[in-house]
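Colleague: pasting the sequence and the predicted model now:
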Amino acid sequence: MFRYRDIYLCESNSEDDFGISKTPPSTGNGGIMQVRSKKYILLISFAISALVLVFSGCVRNAVAPGSASTNQVERVPLPADLAEIQRLLPNGAHVLASQNPMRVLEDAYTESIVNPSAPVVQGVIVENCGVKFPVGTLPGTLLATVYVDNKPYPAVEYGPHNIGFNGEVTIEISYANHYPLLASTSLLQIFYWNEALRRFEPIRSEIDREHRIVRGYTTHFSYYLISGVDEMIESW
């Protein structure tokens, strides 16, 4: 074996764990520097790769603290049948369900990152159902989700559920696909599912008949549906 300062190099052509030849370099100390340089370059590359992976994971977690991950939405365990939903609505509210919507509905889902530093109203929309965040209402950057449920009545789930807003945000639920049923109803209101109390509760709502949309105002997200009402019910 040949000793060059503080390292040993074998005369064989075998390679070490980094794939660097152990054959003694023919250029003396310059060869040793080349071997060391290659090792350092490989070690630095490994370290950079590890840091990139760690940083990427931190960014994903920071985008939407406590929210659903990409391509996922928080699913609320709702009652299975319409009679049960009707029972859980407050007095004066009537579940509106059509057995023949204008077209066969499919579930629709979208998600978008919204940033509190944006100087304008931000929105997320799918199938004419969406949410608008006025300036100053977001407590931080989050991944907002909109899930249009395949029901015989207009129903949408917004997420994440565990975020409170700094003021009211506007949700919009379209009833265009249920228009024949809801057109004859004079008053429509949005109700959210209170999972803790397991009942539907009203939110402040207004009807846009021109666009066949009901708008609601809320400070948090949940599962929402449109119901017919005898008169608008004050939010609890």
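Modeller: Now that the structure is in, tell me what you want to look at.
Colleague: need the single longest strand in this structure, by residues.
Modeller: strand 164-174 (DSSP state E).
Colleague: so which residues make contact with that strand?
Modeller: Identification of contacts with strand 164-174 by Cβ atoms under 8 Å, 6 or more residues apart in numbering yields 125, 127-134, 136-139, 154-156, 158, 190, 204, 211-220, 224-226. Just so you know, the C-beta spots here come from the backbone N, C-alpha and C atoms, and that holds for glycine as well.
Colleague: export it to CSV, keeping only CA atoms.
Modeller: Extracted C-alpha coordinates of strand 164-174, given in CSV (Å, rounded to 0.1, in the frame of the first residue of the first chain):
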residue,chain,number,x,y,z
GLY,A,164,-61.8,30.1,10.9
PHE,A,165,-61.8,33.2,8.7
ASN,A,166,-61.3,36.8,9.7
GLY,A,167,-64.7,37.8,8.7
GLU,A,168,-67.3,36.4,6.3
VAL,A,169,-66.4,34.7,3.0
THR,A,170,-69.0,34.2,0.3
ILE,A,171,-70.0,30.7,-0.9
GLU,A,172,-72.2,30.2,-4.0
ILE,A,173,-74.2,27.1,-4.7
SER,A,174,-75.8,26.7,-8.2
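Colleague: buried stuff in that strand?
Modeller: The neighbour-count check on strand 164-174 (16 or more other Cβ atoms under 10 Å) flags 165, 169, 170, 171, 172, 173, 174 as buried.
Colleague: give the rounded mean pLDDT of it.
Modeller: Averaging pLDDT along strand 164-174 gives 95.
Colleague: got any ranges where this structure has weak pLDDT?
Modeller: Where the chain drops to pLDDT under 70, the residues are 1-80, 98-105, 180-184, 236.
Colleague: which ones are touching residue 175?
Modeller: Contacts of residue 175 by Cβ under 8 Å, 6+ apart are 154, 182, 188, 212, 213, 214, 226.
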